[in-house]
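# Have a look at this fold, sequence not included:
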């Protein structure tokens, strides 16, 4: 068994694209995985994008909480987020699959990431589940294009042939957008960009359908025309969202509704999100949707800039013949000035 594990580890190794004279600097690349069932909490597949140290640290802490024991290249710890981002492409699938860096480049208008997925042709049920990650540190750009390319091999010992890979999935994110996980994106907007010391910061938290390009028989992802989420309406204390706030002194707080043992009224139900229909997370009172950070415990008496990122998380449970979206994502970040 140890010999097999060692062989599998060797097969998972990869290298960064070589840099030739005159080339742009190559992106910083590494990969890792999270074996077992724990990775299901992150979703089926997607792109996580980190544009500041606080969100990147929070994501690493979440991975550790799920049982991740991997390490990344030390350069990730010192990356300058004023000029760079870290993107994480992930997919949950067979542990015998190999997801690796394939190609990519950095540009002011568009940066491109290609990951390769090699899969063994085998009978169903002969593998365990695993969540695999490719981490990429690269310069900021106006747009990020991410694609996955798949090829087959007959056995684990067979060499990879990424040149023969077929594009199986693609997604494009604007330079200030948050994550896309399983065709769902989130966004927050502040009611006011400037407030006085001690005043509340209130935000709207919206969910939108994230388009993907993939063939019907794609093994990387199975795109649909809509996703379903729990609405949380009339359910005081429903805890599917939170906010990560970086305070003026550089410290970070996570704000989340308090735990409640019982719903005040009725339980949530599923709502559909499609390309023509988004959804704004409601408050539990009828007609209210703005989220109060003061009500969640934020103190704004200190002047300065507050950087806020939304977090949305759900389990992929079924109800009334439909399956709810499951996973975790972070939204864009907004800056609110207290003065």
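Right, received. Where do you want to start? Note that the coordinates shown come from a computational prediction; the quantities given were computed from them, not determined experimentally.

# nearest residue to residue 94 other than its sequence neighbours?
In space, and not counting its chain neighbours, residue 94 is closest to residue 127: 4.0 Å by CB to CB, 6 or more residues apart in numbering. All C-beta spots, glycine's among them, are computed from the backbone N, C-alpha and C.

# So the one you found sits against residue 95, correct?
Yes. Using CB atoms under 8 Å, residue 127 is in contact with residue 95, at 5.5 Å.

# follow-up on the earlier one: can you report how many residues neighbour the residue nearest to residue 94?
15 (other CB atoms under 10 Å).

# Same check on the one 10 residues further on?
Taking other CB under 10 Å as the criterion, the count of residues near residue 137 is 22.

# tell me the contacts of residue 278?
206, 207, 208, 209 (CB atoms under 8 Å, 6 or more residues apart in numbering).

# make it 6 Å
206, 208 (CB atoms under 6 Å, 6 or more residues apart in numbering).

# Could I get the pLDDT score of it?
Residue 278 carries a pLDDT value of 96.

# Repeat that for the one 4 residues further on.
Model confidence at residue 282, expressed as pLDDT, equals 85.

# That one is in contact with residue 289, isn't it?
Yes. Residue 282 lies in contact with residue 289 (CB atoms under 6 Å); the separation is 5.2 Å.

# Neighbour count: these two, which is higher?
residue 282 (19 against 14).

# Now do the buried residues in stretch 65-85.
By 16 or more other CB atoms under 10 Å, the buried positions in stretch 65-85 come out as 66, 68, 72, 76, 79, 81, 84, 85.

# Now for those: which two are most distant?
Taking every pair in those and measuring CB to CB, the maximum separation is 25.4 Å, between 66 and 84.

# of the buried residues of stretch 65-85, closest to residue 245?
residue 81 (16.7 Å).

# burial count for the closest residue in space to that closest one that isn't next to it in sequence?
Sequence neighbours aside, residue 52 is the residue nearest to residue 81 in space, at 5.1 Å (criterion: CB to CB, 6+ apart). Neighbourhood size, residue 52 [other CB under 10 Å]: 18.

# Ok, residue 271 next?
16.

# Just list the residues touching it, thanks.
Counted by CB under 6 Å, 6+ apart, residue 271 has contacts 231, 279.

# my guess is residue 138 contacts residue 110, does it?
No. In this structure residue 138 lies outside contact range of residue 110 using CB under 6 Å: 11.3 Å.

# mind checking the end-to-end distance for stretch 30-41?
22 Å (CA to CA, to the nearest Å).

# So what touches it?
With CB under 6 Å, 6+ apart, stretch 30-41 has contacts from 66-68, 70, 72-73, 92, 130-135.
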